[in-house]
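Colleague: any chance you can model this:
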Amino acid sequence: MANVAVQAAFKLNTGEIVDMKTTLQEGTEGELLTSTKYSVSAVSIGTFAEGKVLSQIIQPPTCLNGASYAYIDRRGEILCIIPVAVAGIQDEPLPMLRSFTLQAGDTLRVMASTSASKLFSYNAITSGGIHSIFTVTPTTANDYQVTHIKSGQGLGASLTNQQIACHFATSVQDGALDSAGGLLILSDRGLPIGGVAATNPQKLPHQKSYMGGAVIGLNFVGRVTTNA
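Modeller: Purely as a prediction, here's the structure:
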């Protein structure tokens with residue numbers, strides 16, 4: 001696994017720009033800190049901008065081979081999911097997917113990808129304001145279920161009785177994805193009731209969708225099916 005430079009930039013409600021840059025290991029989730037070019041030291045985003053609001057994404061978390069996912073972490077929980085991109089292929093500026101005031105201790109976590117990584121990432125926001133990230137790494141042609149990056153639980157156990165309001169997925173497997181080109185939400189009867197196609201971050205900016213959502217039941221699953 002190589003070490004790569006990961007960058008991001010955000011606009012605050014005060015008009016300031018937070019420039020961030022850190023070297024992270026590919027395939028391992030890590031914290032993105034502020035760039036020392038514009039700050040005295042490399043610090044967490046919550047420390048740098050405590051009491052301020054992230055109002056706009058100038059540059060999403062970006063690295064050489066793209067990132068699988070990113071989010072603001074608060075006390076070990078996902079506060080806000082963040083779109084990701086590969087260097088040179090990014091859609092900006094972007095609105096934040098949630099409004100919140102930064103606190104000391106808030107961190108920006110990023111999963112930098114290798115060029116051949118098969119990690120599939122499913123990002124979901126519920127109508128109740130819950131932000132979640134689910135992942136799985138398909139290895140052969142088969143059916144797979146995504147699990148929450150924090151709890152390890154499946155989709156149903158994590159979001160019981162929640163309505164998916166917005167979601168998006170990332171994967172580099174392109175035509176190998178047989179589950180609607182991304183992920184299908186299956187009911188407790190095993191029937192598809194929702195889904196979203198995945199975007200390859202090495203080719204296109206992320207594409208969030210307000211279609212294909214569903215009210216999640218306890219035994220529902222997020223299924224990814226691959227043919228290779």
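Colleague: which residue is nearest the middle of this structure?
Modeller: By C-alpha atoms, centre = their mean, the mean C-alpha position of the chain lies nearest to Y69, the distance being 3.1 Å.
Colleague: that one sits in which helix or strand?
Modeller: strand 67-74 (DSSP states H and E).
Colleague: list the contacts for the residue nearest to the centre of the chain?
Modeller: Taking C-beta atoms under 8 Å, 6 or more residues apart in numbering, we find Y69 in contact with I81, V84, V110, M111, S121, N123, I133, T135, I149, T170. The way it works is simple: take the backbone N, C-alpha and C, and place the C-beta from them, glycine included.
Colleague: and these, which of them are in helices?
Modeller: Using DSSP state H, no member of those sits in helices.
Colleague: for the protein, what spans make up the helices?
Modeller: Here the chain has its helices, by DSSP H, at 45-48, 155-158.
Colleague: picking that back up, identify, from the contacts of Y69, the entry nearest to P60.
Modeller: V84 (5.5 Å; C-beta to C-beta).
Colleague: the closest one - nearest residue in space that isn't next to it in sequence?
Modeller: In this structure, V84 finds its nearest non-sequential neighbour in A67, 3.8 Å apart by C-beta to C-beta, 6 or more residues apart in numbering.
Colleague: could you dump stretch 186-195 to PDB, C-alpha only?
Modeller: Below are the C-alpha coordinates for stretch 186-195, written out as PDB (Å, rounded to 0.1, in the frame of the first residue of the first chain):
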ATOM      1  CA  LEU A 186     -33.700  -6.100  -0.400                       C
ATOM      2  CA  SER A 187     -36.700  -6.500   1.900                       C
ATOM      3  CA  ASP A 188     -37.100  -9.300   4.500                       C
ATOM      4  CA  ARG A 189     -38.600 -11.400   1.700                       C
ATOM      5  CA  GLY A 190     -35.500 -11.000  -0.400                       C
ATOM      6  CA  LEU A 191     -37.200  -8.700  -2.900                       C
ATOM      7  CA  PRO A 192     -35.600  -5.500  -4.300                       C
ATOM      8  CA  ILE A 193     -37.400  -2.400  -3.000                       C
ATOM      9  CA  GLY A 194     -34.700   0.200  -3.600                       C
ATOM     10  CA  GLY A 195     -31.300   0.700  -5.000                       C
END
